[in-house]
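Colleague: Can you look at this prediction? I've put the sequence above it.
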Amino acid sequence: EAQFVESGGGSVQAGGSLVVSCEASGFNFDDYNIGWFRQTPGKEREGVACIRSKNEGTAYADSVKGRFTISRDNAKNAVHLQMNSLKSEDTAVYYCRVHYNGMDYWGKGTLVTVSS
């Protein structure tokens, strides 16, 4: 079964930077696209960034384009999200996701709080 463990969340002031990471296990990490999503209370989970298998490309939500950078380390089964110029509206729980064997697998999330 695919599993993720997210880490790196915390509190930061607006304009600051933070890196969140997730480590994957239970599937052949190199072969799958990995996404970062986020959710705030009362709102649907939204896609933030995605990175293709074997580092073949990335995509970003318009709201984070130019501020966030997704990367992966296939040797360590890890995906990172570098977040710069953070805004209060980036406050959310951030999750990793993989679509594997016809199902979505999610981590438990890591909380990012941006204070203005």
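Modeller: Thanks, I have the structure now. Numbering: from 1, shown residues only.
Colleague: ok, and what's touching the helix or strand encompassing E6?
Modeller: E6 is part of strand 3-7, with elements assigned from DSSP states H and E. For strand 3-7, contacts defined as C-beta atoms under 8 Å, 6 or more residues apart in numbering pick out 20-26, 94-98, 105-110. For the C-beta atoms, the positions are set from N, CA and C on the backbone; glycine is no exception.
Colleague: For PyMOL, write the selection for the buried entries among those residues.
Modeller: Buried residues within these, by 16 or more other C-beta atoms under 10 Å, are selected in PyMOL with:
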select buried, resi 20+21+22+23+24+94+95+96+97+98+105+106+107+109+110
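Colleague: And the strand holding E6, what's buried?
Modeller: Quick answer for strand 3-7 (16+ other C-beta under 10 Å): 3-4, 6.
Colleague: between these, which is closest to Q82?
Modeller: E6 (14.4 Å; C-beta to C-beta).
Colleague: ok, for the closest one, nearest residue in space, not its chain neighbours?
Modeller: T110 (4.0 Å; C-beta to C-beta, 6 or more residues apart in numbering).
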